[in-house]
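1. Turn this into a model:
(one chain, ligands or ions: 1)
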Amino acid sequence: MNTHDRRTFLKCAGMAAVGAGLQGRAMAEEKGAEQVADAAHELRVKMEAPTGPLVSRTFAILQDRIQRRCSAKVVEADAGVQLILAIDGGLPPDAFRIDQVNEAVRIAGGSPRGLLYGVGKFLRTCRYDGTFKPSPWRGSSAPRGSLRGMYFATHFHNWYHQAPAAEISRYMEDLALWGVNAVMVIFPMINLQDWDDPQAEPAMNMVRLYAKTAKELGLQFATGVGNTMFTGAPKEIRATPLPDPTHRRGNSGHPICPSNPDGHKYLLDNTRQLFEKLSDIGVDILVHWPYDEGGCACEKCAPWGSSGYLKLSRDLTELGRSYFPNMKTVMSTWMFDTPPEGEWQGLSDALAKENGWLDYILADAHEDYPRYPLDVGVPGQLPLLNFPEISMWGNWPWGGVGAHPLPARFQRLWDQVKQAVEGGFPYSEGIYEDMNKAVVAQFYWDRDRSARSTLEEYIGYEFGSGVTQDVMTVIDILEASAGRAQRKEPADVDAVRRACQLAGDVDARLPGWARQNWRWEILRLRAVLDRERFAGDGLETPSAEAAMARLIEIYHCQMETDDPYHHRVRPRLKRAVSRKGEL
Ligand SMILES: [Zn+2]
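-> Residues are numbered from 1 along each chain as shown. So this is what the prediction gives:
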């Protein structure tokens, strides 16, 4: 133990001697063996926060995450207290403070949700190397961004679509610990004939599961709407296809023309049914989406972004607020002016006259951030959000070779917008880009926190002490390899071999709880698969096949599927079958 750690340890002596190990023995020498024997396996937590479901849940999360990593038992207690969980109404609701009260560490939140975020910071800065070592972190922290979302794309039988409810719930807890405060999930009308489609009910149950889980964690539930609806929509109300000369904004699904009175009625009627089915749980945020799944190029709707889309978004907002009076709205401008047709300017002109019904403008693109809101200003002078694509870049199939960390990429993209953006909804296809989620969630919390600093905290918490530098090196090599793949350049074979060697060395040093953590497994398997595909004999070797088979288990992929899109999210194991082909 170095001098600094020693001092921290002594400062926290009241709760340091938890678990058996070196520090437990050190405590025995200082305080007498008897006392330590009592305290050895207990972390005594006093609940000063008023009881309620989220406070109880927060305690349960704390207990579970610590007990999973070391032999300490986390118990509620009123005497001999080592940790206090409290609410301090003087803090902003999402803020927290961690300080010292006599022998105990106190985590106070401005609300139960702020307490949950504080517990997240505490957990990530504790150490669990055989014994429990409480966090030395002291101070206050409040989020800068007001909307710190995640968008889960629940389709293609990806992890979000396939994972059991308990895993989803646990994963959402983990994201909440990083400061996330909103989750978006969309009802996939695009894949359904109508409300009577046999898949409609399971799809709605899935949306409701995410909504309910979000609410239980104090997170906002967001869903998206637009002018794309069921595949069974009558032909005569369909939209006029968009010109898409750059092939970037798409014409997916079956969009409806809202300028056609029957089309407008169809859109409103079906959105009303969607709200009805969510009315008992509630929708906190409605996100309007213009393109890919959406758009109409008819004379009355054009230019879509500042005419047909704008009017429809306002009508759907009004409808939504009749169910959910406090519902916030986000207007996405994704792929506006691609090609240029005055959508940004038209939206600015319209919102200059009336913007009261909108809360946020969302913008983003496949690569660099759109210039209009940065150079000219945000339409309606509303808070601006981003929509970083954290899943697909440099990566096919998505997650198919394991973890996909891109800290340098997201740092670069964030630096373009960090002065202007209030938060956003990263687009996620699965759990393999978990590191990107942590990085972006922390950008939203503290715009000046670097991706590297977040990952160092992530590594210490998820993989344990003493491996940070090596894991960072592995991550840097994996990111560089993804960049070369994206640019269709040859891999750096030596670097790829080194990353795999290093991942193996780290693996041998990890404590059992970290080695069994899926977050470590997917990173290690990525290093193995990069070696096989870039510096070995390809992805049909026994070790590549074993790695992909394990990823398939972790992602809950189907080995035989009828989903023609499943191959987008399933590792390319030769024996995996797509019975209806691949689209
Ligand atoms: Zn139209």
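2. same for whatever helix or strand residue 533 lives in, what does it pack against?
-> Per DSSP states H and E: residue 533 is located in helix 518-535. If you count contacts as 3 or more CB pairs under 8 Å, 6 or more residues apart in numbering; DSSP states H and E, helix 518-535 packs onto helix 451-463, helix 468-486, helix 493-509, helix 542-555. Every residue, glycine included, has its C-beta placed from N, CA and C.
3. out of these, nearest to the ion?
-> Smallest distance to the ion across those (CB to the ion): 36.1 Å, for helix 468-486.
4. now the helix holding residue 533: how far from the chain's centre is it?
-> From the chain centre to the centre of helix 518-535 is a distance of 22 Å (CA atoms, centre = their mean, to the nearest Å).
5. three-state assignment of the residue in the stretch 1-150 of the chain that the ion sits nearest to?
-> Per CB to the ion, residue 149 is where the stretch 1-150 of the chain lies closest to the ion, at 29.6 Å. Three-state call for residue 149 (DSSP: H, G, I helix; E, B strand; the rest coil): strand.
6. Hmm, it is touching residue 428, no?
-> No: the criterion here is CB atoms under 8 Å, and residue 149 misses it with residue 428 at 10.4 Å.
7. How about residues contacting the helix or strand harbouring residue 318?
-> Using DSSP H and E, residue 318 maps to helix 308-323. Helix 308-323 is touched from outside by 225-227, 257-259, 264, 267-268, 271-272, 275-276, 279, 283, 286, 288, 290, 294-296, 298, 300-302, 327, 329, 331, 346-347, 350, 357-358, with contacts defined as CB atoms under 8 Å, 6 or more residues apart in numbering.
8. quick check: mean pLDDT across it?
-> The average pLDDT within helix 308-323 is 98.
9. roughly how far out does it sit from the chain middle?
-> 27 Å.
10. Is it possible to get JSON lines of the helices and strands packed on helix 518-535 that adds mean neighbour count?
-> Shown next, in JSON lines, are the helices and strands packed on helix 518-535 (neighbours: other CB atoms under 10 Å):
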{"stretch": "helix 451-463", "mean neighbour count": "20"}
{"stretch": "helix 468-486", "mean neighbour count": "19"}
{"stretch": "helix 493-509", "mean neighbour count": "17"}
{"stretch": "helix 542-555", "mean neighbour count": "18"}
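11. Save these as JSON lines, and put in distance to the ion too.
-> Shown next, in JSON lines, are those (distance: least, CB to the ion, whole Å):
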{"stretch": "helix 451-463", "distance to the ion": "42"}
{"stretch": "helix 468-486", "distance to the ion": "36"}
{"stretch": "helix 493-509", "distance to the ion": "50"}
{"stretch": "helix 542-555", "distance to the ion": "39"}
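12. for these, which one sits closest to residue 413?
-> With CB to CB, the closest approach to residue 413 among those belongs to helix 451-463: 10.2 Å.
13. and that closest one with helix 518-535, angle?
-> Here helix 451-463 runs at an angle of 110 degrees relative to helix 518-535 (axes from the mean of the first three to the mean of the last three CA atoms, to 10 degrees).
14. hey, where'd the helices end up in the stretch 301-450 of the chain?
-> Secondary structure of the stretch 301-450 of the chain by DSSP state H, counting those that start in this stretch: the helices cover 308-323, 343-353, 372-375, 407-417, 434-445.
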